[in-house]
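Chemist: Sequence plus predicted model, see below.
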Amino acid sequence: MKYSACQTATTFSSCSWYYENGVTGLNLIFKQILQAILLTAILPAMAFSMVSSGSANHLNLSKKQNDSQLLVIPVLGKDGKIEEMPLEEYVVNVILGEISANFHEEAIKAQAVAARTYTLQCLEAASKHQNRAVCTDFRCCQAYREPEEYLESGGTEREIDKVQKAVQDTALEVLYHDETLICSTYFASSGGRTEDAAEVWGEEYPYLKSVESPGEENCGYYSQETSYSPQELQELLDVTLVGKPPSWFGMVTYTPGGGVDLMRIGGKLYTGVELRSKLGLRSTAFEIIPTDEVILIKTKGYGHRVGMSQHGANAMAQQGRDYAEILSHYYIGTTLRQYSKGND
């Protein structure tokens, strides 16, 4: 079965860092006090509300946001409880979980806009959880790591500051298409070209089309080789195949993005998405090279390959492109502007 892009995890099987969500005792007490204040004094009975910039825990507003307010969003924690959190704080934590702080600052800005847009689109469409919430589980929404966890894992305050600045510099900036927030999916590496959303999820998005993504060759996730014995392959596909392995593989067709569309194995037709899942491949951009003794599979890219390539964005930034150019390249025909609830 194919699912809508906005009903799946944004970066499932990406080369991002994934960590369990946790808070220190002091941080938890602070957040509980903050939540009580917000609930009794500020928050109206609705999914979104506005809170003054002084309520942010880890984020100092940039000068351009001195007269604005931070949007507060509902975030579903691991304990199953919903916590109100400033949007920009959530975006910082998503970036700390999603990409390396060593990325170029323009690539981090692009990630901030993509993560912010994806979050607000999910909230407004209520496509993830009840009560219009997002969560901190990368398998469902987006990768997520709080600054305390980042420091405990060996990160530095300087790296956190770099991420916070990227979020500040793009504060409340999101992507629209035809006056509607886009579903700004992203992933780790495309292997040279992104994929059309329709080829992966069976649903057309005018801004999620296949585009070139050069410069990813130095990414450690650009390509991978995996080998299976004939017996292992049959077990993974849950089939019994006869004859020599080279005779098992027949017709194959490809998508505009270079992924496997359909492949015939042992007389049965499989989709590339299905084979990626069954064989545990990094992406659908693969080729199979069978011999009598071993089946070699060469894969390019890592992730669903729809939307923005994180390593492709970093390559573009290193080549002098700014975050607006990066976003317009990967999300075709979109408009970058400040978020306003009244826009939709």
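Modeler: Cool, the structure landed.
Chemist: mind listing what's buried in the one helix or strand residue 270 maps to?
Modeler: Assigned by DSSP states H and E, residue 270 falls within strand 268-271. Neighbour-count burial for strand 268-271 flags 270-271 (criterion: 16 or more other C-beta atoms under 10 Å). For the C-beta atoms, the positions are set from N, CA and C on the backbone; glycine is no exception.
Chemist: That one packs against which elements?
Modeler: Secondary-structure packing of strand 268-271 (3 or more C-beta pairs under 8 Å, 6 or more residues apart in numbering; DSSP states H and E): strand 260-265.
Chemist: Can you list the buried residues in the strand it packs on?
Modeler: Residues of strand 260-265 classed as buried under the neighbour-count rule (16+ other C-beta under 10 Å) are 260, 263, 265.
Chemist: Contacts for the strand holding residue 270, please.
Modeler: 237, 239, 260-264, 278 (C-beta atoms under 8 Å, 6 or more residues apart in numbering).
Chemist: Among those residues, which one sits closest to residue 79?
Modeler: Nearest to residue 79 among the contacts of strand 268-271, counting by C-beta to C-beta, is residue 278 at 33.9 Å.
Chemist: contacting residues for the closest one?
Modeler: Neighbours of residue 278 in contact, by C-beta under 8 Å, 6+ apart: 236-237, 270.
Chemist: how much space is there between it and residue 221?
Modeler: Distance, residue 278 to residue 221, using C-beta to C-beta, to the nearest Å: 20 Å.
Chemist: before we move on, what about residue 143?
Modeler: Per C-beta to C-beta, residue 143 is found 15 Å from residue 221.
Chemist: What of residue 292?
Modeler: Applying C-beta to C-beta to residue 292 and residue 221 gives a distance of 31 Å.
Chemist: Comparing those two, which residue is more hemmed in?
Modeler: More crowded of residue 292 and residue 221, by other C-beta atoms under 10 Å: residue 221, with 22 against 8.
Chemist: isn't the more buried one right up against residue 302?
Modeler: Yes. In this structure, residue 221 is within contact of residue 302 by C-beta atoms under 8 Å, at 3.9 Å.
Chemist: does the closest residue in space to residue 136 that isn't next to it in sequence belong to a helix or a strand, and which?
Modeler: Counting by C-beta to C-beta, 6 or more residues apart in numbering, residue 136 lies nearest to residue 144, which is 3.8 Å off, once chain neighbours are set aside. Under the criterion DSSP H and E, no helix or strand holds residue 144.
Chemist: Could you list which residues are in contact with residue 144?
Modeler: 19, 21, 90, 93-94, 96-97, 136-138.
Chemist: Quick check on it: phi, psi?
Modeler: phi -150, psi 130 (degrees, to the nearest 10).
Chemist: And for the one 4 residues further on?
Modeler: Torsion angles at residue 148 (phi, psi; degrees, to the nearest 10) stand at phi -60, psi -40.
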